[in-house]
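**Q** the amino acid sequence is not available; the structure is as follows:
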């Protein structure tokens with residue numbers, strides 16, 4: 001049997017998981033299938049790669065040698081694949097634009113502005129809940145740009161040639177039915193403590209937002225009750241039915257029967273970012289795309305007139321200053 005990259009990936013997965021069973025789960029394989037594959041690999045290499053007992057799987061001396069080489073070879077091959085993909089994009093046409101986003105109120109406006117100026121271009125979009133997934137797609141050349149958000153002052157993932165540019169800063173708020181007593185207030189904001197006894201809903205995400213939300217609630221004197229983590233449509237259903245209040249960016253598209261209000265004092269904030277690879281063809285249009293994104297964010301804020309008026313008294317919020 002000739003050794004293949006998938007075999008080295010399997011060996012690394014077992015070493016990282018410390019267990020064949022856990023490694024099989026992470027690789028999407030049945031445990032007997034991975035065990036059989038490991039036996040074939042060991043037979044091809046002439047010795048055992050792991051000592052296995054009730055405590056798990058630990059590399060043998062031979063296993064350490066194989067792992068040392070695999071941990072150099074696998075990243076090198078991935079780097080080669082990513083570079084070839086980027087070069088293929090550079091040598092190809094620039095008549096397309098691939099944009100990824102995570103529940104962004106900016107995506108529609110960005111696509112509209114790009115398509116208006118480049119009517120011949122084919123625009124493709126990809127939605128995800130994972131910043132890491134979008135970044136990996138940019139690095140691999142499968143996306144040109146990504147619209148993401150980060151909580152507060154948190155930093156986006158760095159390295160691998162990806163550049164991030166600030167678009168704007170939202171004050172995180174809540175989506176309430178228009179008939180909700182708090183939605184009828186004229187202050188244009190909601191005290192977080194006034195929602196202490198409610199159930200919450202939010203779209204799936206990653207990063208520190210969940211911890212920041214819990215911290216903000218603790219400072220307001222309560223611990224949040226049930227939190228539903230679900231998709232956008234289900235969040236809207238829960239809000240319209242009055243079964244939960246939904247954490248949101250008040251710059252989202254207005255929804256009949258619902259009102260998006262910021263929290264008083266802006267205890268939670270969301271920074272919108274646009275990213276691209278600095279060596280990709282996308283970098284040639286990065287300044288223009290950033291301008292589109294800023295204009296789209298400004299227009300999104302303007303759709304919610306009370307929120308736009310509220311932001312005028314919140315220094316630092318709204319569109320990002322030009323860099």
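**A** Looks like it arrived, so ask away. A quick note: this is a predicted structure, and the numbers were derived from the prediction, not measured.

**Q** next one: phi and psi at the residue of the chain most remote from its centre?
**A** Using CA atoms, centre = their mean, the residue of the chain lying farthest from its centre is residue 46. It sits 43.5 Å away. Main-chain torsions, residue 46, degrees, to the nearest 10: phi 90, psi 20.

**Q** quick one: contacts for it?
**A** residue 62 (CB atoms under 8 Å, 6 or more residues apart in numbering). C-beta coordinates here come from the backbone N, C-alpha and C atoms, glycine included.

**Q** what do you get for the one 3 residues further on?
**A** Taking CB under 8 Å, 6+ apart as the definition of contact, the neighbours of residue 49 are 11, 14, 38, 41, 42, 59, 60, 62, 63, 66.

**Q** which non-adjacent residue is nearest it?
**A** The spatial neighbour of residue 49 that comes closest, neighbours along the chain excluded (CB to CB, 6 or more residues apart in numbering), is residue 63 at 3.7 Å.

**Q** which parts of the stretch 201-323 of the chain are strands?
**A** 227-230, 245-248, 258-262, 269-277, 318-319 (DSSP state E, counting those that start in this stretch).

**Q** burial measure for the residue nearest to residue 49, as a count.
**A** 21 (other CB atoms under 10 Å).

**Q** just residue 264 next, same as before
**A** Neighbours of residue 264 under the rule other CB under 10 Å: 18.

**Q** report the mean per-residue pLDDT for the helix or strand hosting residue 41.
**A** Residue 41 belongs to helix 31-45 when elements are defined using DSSP states H and E. Mean pLDDT, helix 31-45: 89.

**Q** please name every helix or strand in contact with it.
**A** Applying 3 or more CB pairs under 8 Å, 6 or more residues apart in numbering; DSSP states H and E, one finds that helix 31-45 contacts helix 5-17, helix 20-27.

**Q** again, 10 Å this time
**A** helix 5-17, helix 20-27, strand 50-53, helix 61-91 (3 or more CB pairs under 10 Å, 6 or more residues apart in numbering; DSSP states H and E).

**Q** between the ones you listed, which one is closest to residue 162.
**A** Each of the helices and strands packed on helix 31-45 has some distance to residue 162 by CB to CB; the shortest is helix 61-91, at 11.5 Å.

**Q** after that closest one, heading C-terminal, what element do we hit next?
**A** For helix 61-91, the following helix or strand on the C-terminal side (DSSP H and E) is strand 96-101.

**Q** return the list of strands paired to that next one, each annotated with direction.
**A** According to DSSP bridges, strand 96-101 forms sheet pairs with strand 122-127 (parallel), strand 145-151 (parallel).

**Q** out of these, deepest packed?
**A** Among the strands paired with strand 96-101, strand 145-151 has the highest mean neighbour count (mean count of other CB atoms under 10 Å), at a mean of 24.

**Q** returning to that earlier point: as CSV, the strands paired with strand 96-101 with mean pLDDT and distance to residue 255 would be great.
**A** Shown next, in CSV, are these (pLDDT from 0 to 100; distance: least, CB to CB, whole Å):
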stretch, mean pLDDT, distance to residue 255
strand 122-127, 92, 18
strand 145-151, 92, 19
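
**Q** return the set of buried residues in stretch 247-260.
**A** 247, 248, 249, 250, 251, 252, 258, 259, 260 (16 or more other CB atoms under 10 Å).

**Q** what is the end-to-end distance of that stretch?
**A** 9 Å (CA to CA, to the nearest Å).

**Q** report the mean confidence score over it.
**A** 89.

**Q** the residue nearest to residue 49 reaches residue 45, doesn't it?
**A** Yes: using CB atoms under 10 Å, residue 63 is in contact with residue 45, at 9.3 Å.

**Q** quick check: neighbours shared by these two?
**A** Common neighbours of residue 63 and residue 45 (criterion: CB atoms under 10 Å, 6 or more residues apart in numbering): residue 11.

**Q** what comes up buried for stretch 25-43?
**A** Within stretch 25-43, the residues scored as buried using 16+ other CB under 10 Å are 27, 29, 34, 37, 38, 41, 42.

**Q** and the protein, what are its domains?
**A** According to automatic domain parsing, the chain comprises the domains 5-88, 95-323.

**Q** among those, which is the most enclosed?
**A** domain 95-323 (a mean of 18).

**Q** related to what we said a few turns ago, which among the contacts of residue 49 gets closest to residue 105?
**A** Proximity of the contacts of residue 49 to residue 105 (CB to CB) peaks at residue 14, which lies at 43.3 Å.
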